[in-house]
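> Got a predicted model here, sequence first, then my questions.
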Amino acid sequence: MIVLETKKLTRAYGGVVAVSEVDFQVKDGLITGLIGPNGAGKTTLFNNMTGLDTPTSGQVFYNGEEITNKSAHRICRLGIARTFQNIRLFKELSVLENVMVGLHFKTGKDPLKGRLKAAVDSYLHVRTEYDATHEKAMKWLEFFGLSEFADELARNLPYGHQRELEIARALATDPQILFLDEPAAGMNPSETESLMNTIRRIRDLGVTVVLIEHDMKLVMNICDTITVLNYGRNIAQGTPEEIRNNEQVIEAYLGKEEE
Ligand SMILES: Nc1ncnc2c1ncn2[C@@H]1O[C@H](COP(=O)(O)OP(=O)(O)OP(=O)(O)O)[C@@H](O)[C@H]1O
Ligand SMILES: [Mg+2]
């Protein structure tokens, strides 16, 4: 079943057409990869599906309902969470508090006007919900093996753990779909290996995962299906095997294998 799809989505910045008439589909329960050269439009496509940017033309559908032009916080409330290419954590809050913000963002009853800061302020005033939220947040830290860092400031975490914490915070909003923008960027091989397992475990929780990634080992190992962008256009989609052997993709991005 298709849970998310774009129809002829285009985003132009002046003369630069970052995303051009892209039809992109995400199937329920799968891990979908989005790959392509630097500047191909991957992050722009993510931003236009998650309400951080507005398409020039085209549409976005989530479970059959049009969500084009909806705000980021409404889209999050509907069940789509994401992380960012450049980590965005509350660096001066503790590791645990970062996840609690995610939990509160989902369950908070106040209109938050789309700003996570409002969620933080609101969280700080709602002490009654504190214990339940605390417990749930600890469960997410356990899932990521971050329990021992609960009281550390987020900024003191090693880089790989900061990336995981950002994923934990996104998952705390209880999403149906999780978008990850280059989750392995800056990770060493053993961190990447552990991330691969984590992403599979997230999929096994029933969360649909969409990820942008340049690490081809990770992409080819864990994705059920892959879409390739080049100069803003969708040039291929298929299984890892099909993508690896697609002449156009090899030409545009993967390159010929060296002896
Ligand atoms: N806010 C913006 N204003 C102007 N141009 C932009 C803006 N955002 C993106 N672009 C341009 O759109 C194109 C696509 O950028 P995008 O960041 O989506 O690429 P990407 O595939 O995510 O690349 P990378 O792999 O390097 O992250 C680039 O040419 C970029 O310079
Ligand atoms: Mg990008």
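Received it, and whenever you're ready, just let me know what you need. Ligands and ions are numbered 1, 2, ... in the order given.
> Give me the number of neighbouring residues for the closest residue to residue 51 other than its chain neighbours.
Spatial nearest neighbour of residue 51, excluding adjacent residues (C-beta to C-beta, 6 or more residues apart in numbering): residue 72 at 3.7 Å. All C-beta spots, glycine's among them, are computed from the backbone N, C-alpha and C. Residues contacting residue 72 under the criterion other C-beta atoms under 10 Å number 17.
> so what's the backbone phi/psi at residue 72?
phi -60, psi -40 (degrees, to the nearest 10).
> Looks like it contacts residue 53 (just checking).
No: between residue 72 and residue 53 there is no contact under C-beta atoms under 8 Å: 9.3 Å.
> contacts for stretch 228-241?
17-25, 33-37, 40-42, 44-45, 219-221, 223-227, 242-243, 246, 248-249, 252-253 (C-beta atoms under 8 Å, 6 or more residues apart in numbering).
> Next, the buried residues of it.
Of all the residues in stretch 228-241, those buried under the rule 16 or more other C-beta atoms under 10 Å are 228, 229, 230, 232, 233, 234, 235, 236, 237, 240.
> Mind checking which of those residues are in strands?
228, 229, 230, 233, 234, 235, 236, 237 (DSSP state E).
> Burial check on residue 196, number of neighbours?
Using other C-beta under 10 Å, residue 196 has 18 other residues around it.
> still on that earlier bit, now for the buried residues of stretch 228-241, which pair is the farthest apart?
232 and 240 (22.8 Å; C-beta to C-beta).
> and the closest residue to ligand 2 within the chain, how many neighbours?
Using C-beta to the ion, residue 43 is the residue of the chain that sits closest to ligand 2, at 3.1 Å. Neighbour count of residue 43, defined by other C-beta under 10 Å: 20.
> Now for residue 4: which residues touch it?
Applying C-beta under 8 Å, 6+ apart, we find residue 4 in contact with 25, 26, 49, 60, 61, 62, 63, 80, 177, 208, 210.
> Can I get these in a markdown table including neighbour count and pLDDT?
Listed next are those as a markdown table, based on neighbours: other C-beta atoms under 10 Å; pLDDT from 0 to 100:
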| residue | neighbour count | pLDDT |
| --- | --- | --- |
| 25 | 16 | 98 |
| 26 | 23 | 98 |
| 49 | 27 | 97 |
| 60 | 24 | 98 |
| 61 | 17 | 98 |
| 62 | 21 | 97 |
| 63 | 15 | 96 |
| 80 | 28 | 96 |
| 177 | 23 | 97 |
| 208 | 23 | 98 |
| 210 | 25 | 98 |
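> Which one of those residues is nearest to residue 184?
The nearest member of the contacts of residue 4 to residue 184, counting by C-beta to C-beta, is residue 210 at 14.6 Å.
> which residues sit in contact with the closest one?
Counting by C-beta under 8 Å, 6+ apart, residue 210 has contacts 4, 26, 31, 32, 33, 34, 46, 177, 178, 179, 180.
> Present the buried residues of stretch 228-241 as a markdown table; the columns should include pLDDT and distance to residue 137.
Output for those, formatted as a markdown table (pLDDT from 0 to 100; distance: C-beta to C-beta, whole Å):
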| residue | pLDDT | distance to residue 137 |
| --- | --- | --- |
| 228 | 98 | 37 |
| 229 | 98 | 35 |
| 230 | 97 | 40 |
| 232 | 98 | 39 |
| 233 | 98 | 41 |
| 234 | 98 | 38 |
| 235 | 97 | 41 |
| 236 | 97 | 40 |
| 237 | 97 | 37 |
| 240 | 97 | 35 |
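> List the ones among the contacts of residue 4 that fall in strands.
25, 26, 60, 61, 62, 80, 177, 208, 210.
> follow-up on the earlier one: among the contacts of stretch 228-241, name the ones in helices.
42, 44, 45, 219, 220, 221, 242, 243, 248, 249 (DSSP state H).
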